[in-house]
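# Sequence and predicted structure below; questions after.
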Amino acid sequence: MKRRWENILISEIRKVVGGAKLRRGRGRIWIENEISPECEERLRWIFGIQSYSKCDHCKLQELEDRVLSFWNERVRDRSGFSFAVKVKRSGKHDFTSQEMAARIGGLILDHHPDLWVDLENPDYRIYIEIRDNDCYIFDEVIECAGGLPPGVEGEVVALFSGGVDSAVATWLMMHRGCKIIPVHFDLGAFSAHDGRMRAEKVTSFLKRYQRDLELLVISHGDFLSDIRRILSDAKIENHTCLLCKRRMYRVIEEIAVREGAKGIVTGESLGQVASQTLDNLFILDHAVKIPVFRPLIGLDKNRIEAMARAIGVYDVCTSMKDECLATPDKPTTKGNLQKILEVESNKDI
Ligand code: ATP
Ligand code: MG
């Protein structure tokens, strides 16, 4: 792990565990004190941590005794089940991992002859990690958010409606080490429900991954009124969504440049709605020079929803509705860039 990444990770862990003693070494970070269940829960939200385990520590010469006492504490008087011993070893040793696993397995069987070993599909697994003369014994691997430590890749600006798509797209970029500036366009009178409140609620949820996440809100209602009038005069109301999105793109490009962000993120997925056809995405990209990242481009809606459920954001996104009242009856799936540029050259918008 790169040193800089590890430093960031340690400072994130420090924010969660307060004064607990931390130690690092070869791809591992140890928290040497007991921490509360709330802190454990929060560790799961730190990007860059793949998993954590609560372990017993001992020296190599104490390993056999400690495994037996660990076993007695955890397994107690349960009987008649299969188990496996998994050993991982680093440093110089005169035994292989398999030899040590067999030795420890034999020791457990000597003390519990009613049990049996099943390496493929055991009822209980015990893990032993040997690092030089230090041993760590555990029986649970708690999966965490994974990905890259917060912010290691720099900043991106997210087009953040608060719907399932933009929430998952934002999460995916965070997951790969981006710090996010979420921007919501408030549709004003064109929001059928409370889109802005939904965006704020989803932002609050995602703060568990990025504490300083702060939603920027841009008012978009007046623009929509103007553009609807102009497009109606030009008889191309079916281009409303494209002009709407192109304005969003232009505004967040400005924010990105001002903040030194390296790109913009959207929740678009190919062909999901009229404004997301390949032809129309080309027209949207044409509005800006900055890279546009669309982490959901190849995913079907059911996959995106499954990801939202796994992240835990699905209910937050769907607990409030939003609908744009400016959407025309039949939005075009193949916009005309020339006409769009003509309309956009109008000084009033
Ligand atoms: P979502 O589930 O994210 O709302 P969607 O399926 O409803 O997306 P669209 O409404 O076409 O699809 O929006 C596509 C993308 O455009 C969104 O994922 C988001 O990135 C951006 N977007 C849409 N509306 C807004 C808004 N009001 N403010 C900011 N970004 C928006
Ligand atoms: Mg939406």
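Noted; the coordinates are in hand. Ligands and ions are numbered 1, 2, ... in the order given.
# any idea what sits nearest the residue in the stretch 51-200 of the chain that ligand 1 sits nearest to, other than its immediate chain neighbours?
Closest to ligand 1 within the stretch 51-200 of the chain is G163: 2.2 Å, counting by CB to the nearest ligand atom. To be clear about C-beta, it is placed using only N, CA and C from the backbone, and glycine gets the same treatment. Among residues not flanking G163 along the chain, C317 sits closest, at 5.9 Å (CB to CB, 6 or more residues apart in numbering).
# The one you found: what's it in contact with?
Neighbour list for C317: 162-164, 167, 198, 202, 308 [criterion: CB atoms under 8 Å, 6 or more residues apart in numbering].
# so where does it fall, helix or strand?
Assigned by DSSP states H and E, C317 belongs to helix 314-318.
# And for P331?
With DSSP H and E as criterion, P331 is part of no helix or strand.
# and the residue nearest to it when sequence neighbours are not counted, how far is that from ligand 1?
Of all residues not flanking P331 in the chain, A274 sits nearest, at 3.9 Å (CB to CB, 6+ apart). Distance, A274 to ligand 1, using CB to the nearest ligand atom, to the nearest Å: 8 Å.
# can you give me phi and psi for A274?
Dihedral pair for A274: phi -50, psi -40, per degrees, to the nearest 10.
# Could you tell me which residues make contact with it?
241, 280, 331-333.
# what do you get for K330?
Applying CB under 8 Å, 6+ apart, the residues contacting K330 are N238.
# what do you get for M320?
Per CB under 8 Å, 6+ apart, neighbours of M320: 162, 193-194, 197-198, 201.
# Out of the contacts of C317, the closest to ligand 2 would be?
Ligand 2 lies nearest to G163 out of the contacts of C317, by CB to the ion, at 3.8 Å.
# wouldn't the closest one be in contact with E323 here?
No. Contact criterion CB atoms under 8 Å: G163 and E323 do not qualify, at 10.3 Å.
# Of the two, which one has the most company?
G163 (20 against 11; other CB atoms under 10 Å).
# what number of residues lie near the nearest residue to K201 once chain neighbours are set aside?
Spatial nearest neighbour of K201, chain neighbours left out: V316 (5.7 Å); criterion: CB to CB, 6+ apart. For V316, the count of nearby residues is 20 (other CB under 10 Å).
# what's the answer for the one 10 residues further on, then?
A326 sits with 21 neighbouring residues when counted by other CB under 10 Å.
# Run through the helices of the stretch 101-250 of the chain in chain order.
164-175, 195-206, 221-233, 240-259 (DSSP state H, counting those that start in this stretch).
# right, and the helix or strand after the longest one?
On the C-terminal side of helix 240-259, the nearest following helix or strand under DSSP H and E is strand 264-265.
# Which positions within the next helix-or-strand element following that following strand qualify as buried?
Downstream of strand 264-265, the next assigned helix or strand under DSSP H and E is helix 278-285. Of all the residues in helix 278-285, those buried under the rule 16 or more other CB atoms under 10 Å are 280-281, 283-284.
# what's the burial count for the residue nearest to E153 when sequence neighbours are not counted?
Nearest residue to E153 in three dimensions, chain neighbours excluded: G177, at 3.8 Å (CB to CB, 6+ apart). Each residue near G177 was counted by other CB under 10 Å, and the total is 18.
# what's next to the helix or strand where N72 lies, contact-wise?
Assessed by DSSP H and E, N72 sits inside helix 63-75. Here helix 63-75 makes contact (CB under 8 Å, 6+ apart) with 56, 58, 104, 107-108, 111-112, 124, 126, 128, 130, 135, 137, 139.
# What is the neighbour count of K88?
When neighbours are counted by other CB under 10 Å, K88 registers 13.
# Low-confidence regions, the chain specifically.
Filtered on pLDDT under 70, the chain yields the residue ranges 1, 347-349.
# Which positions in it make contact with ligand 2?
Within the chain, the residues that sit near ligand 2 (CB under 5 Å from the ion) are 161, 163.
# domains of the chain?
Domain segmentation of the chain under automatic domain parsing yields 70-129, 154-344.
# Let me see the contact set for the residue nearest to V117 when sequence neighbours are not counted.
The shortest distance from V117 to any non-neighbouring residue, by CB to CB, 6+ apart, is to G105 (5.5 Å). Applying CB under 8 Å, 6+ apart, we find G105 in contact with 83-85, 117.
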